[in-house]
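Novice: coords please:
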Amino acid sequence: MLYAILCYDSEQVVSAWSKEKDEDAMTKLRAVQDGLLRDGKLGPVARLMPTTAAKTLRKGRESMVIDGPFAETKEQLLGFFVVDCPTFEDAIEAARALGAASSSNGAYEIRPMMLFEPGGKVG
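Specialist: Sure thing, here's the model as predicted:
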């Protein structure tokens, strides 16, 4: 089953990391990703641009596009991983490994996916 592991943390804190700290965190995350890839469990991974680059489409009687993320929170969605694990417990273990490789703060939400349709190449 596919699971989305959504990475939440304080964007303000993470964006203030030194280049060295950010590179160290990314190196540790890549090591975990390499293990998941070797095990055939890793799907798409993305690190998102800051919320200041985001727009939100509010739906309703009339749709409206507003600047920024969809919610005011202390933690923002910074990125995600898609993993293919046989059980929810295995997906939680993957999230634990990813979490141990990055900041000690924030949260990793593990959510089973109902539908995954790969699209065209981005970039």
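
Novice: Output the lowest mean pLDDT helix or strand found in the chain.
Specialist: In the chain, the helix or strand scored least confidently by mean pLDDT, DSSP states H and E is strand 64-67, which has a mean of 68.

Novice: Is the residue located most distally from the centre of the chain in a helix, a strand, or coil?
Specialist: Among the C-alpha atoms of the chain, the one farthest from their average position, using Cα atoms, centre = their mean, is that of R61, at 31.0 Å. Reduced to three states with DSSP: H, G, I helix; E, B strand; the rest coil, the structure at R61 is coil.

Novice: re earlier: just checking, next helix/strand downstream of the least confident helix or strand of the chain?
Specialist: In the C-terminal direction, the helix or strand that comes right after strand 64-67 (DSSP states H and E) is strand 76-84.

Novice: What pairs with that following strand, parallel or antiparallel?
Specialist: strand 2-9 (antiparallel), strand 42-47 (antiparallel) (DSSP bridges).

Novice: what's the angle from the following helix or strand past that strand to strand 76-84?
Specialist: Downstream of strand 76-84, the first helix or strand assigned by DSSP H and E is helix 88-101. For the pair helix 88-101 and strand 76-84, the angle between their directions (axes from the mean of the first three to the mean of the last three Cα atoms, to 10 degrees) equals 130 degrees.

Novice: Can you list the buried residues in the lengthiest helix in the chain?
Specialist: Looking across the chain with DSSP state H, the single longest helix is helix 19-38. By 16 or more other Cβ atoms under 10 Å, the buried positions in helix 19-38 come out as L29, V32, Q33, L36. Every residue, glycine included, has its C-beta placed from N, CA and C.

Novice: elements contacting that helix?
Specialist: The contact analysis (3 or more Cβ pairs under 8 Å, 6 or more residues apart in numbering; DSSP states H and E) places helix 19-38 against strand 42-47, strand 76-84, helix 88-101.

Novice: Could you identify which of the ones you listed is most buried?
Specialist: The highest average neighbour count among those, using mean count of other Cβ atoms under 10 Å, belongs to strand 76-84 at a mean of 20.

Novice: got a list of contacts for it?
Specialist: Contacting residues not belonging to strand 76-84 are listed as 1-11, 14, 33, 36, 40-48, 51, 69, 91, 94, 98, 106, 113, 116 [Cβ atoms under 8 Å, 6 or more residues apart in numbering].
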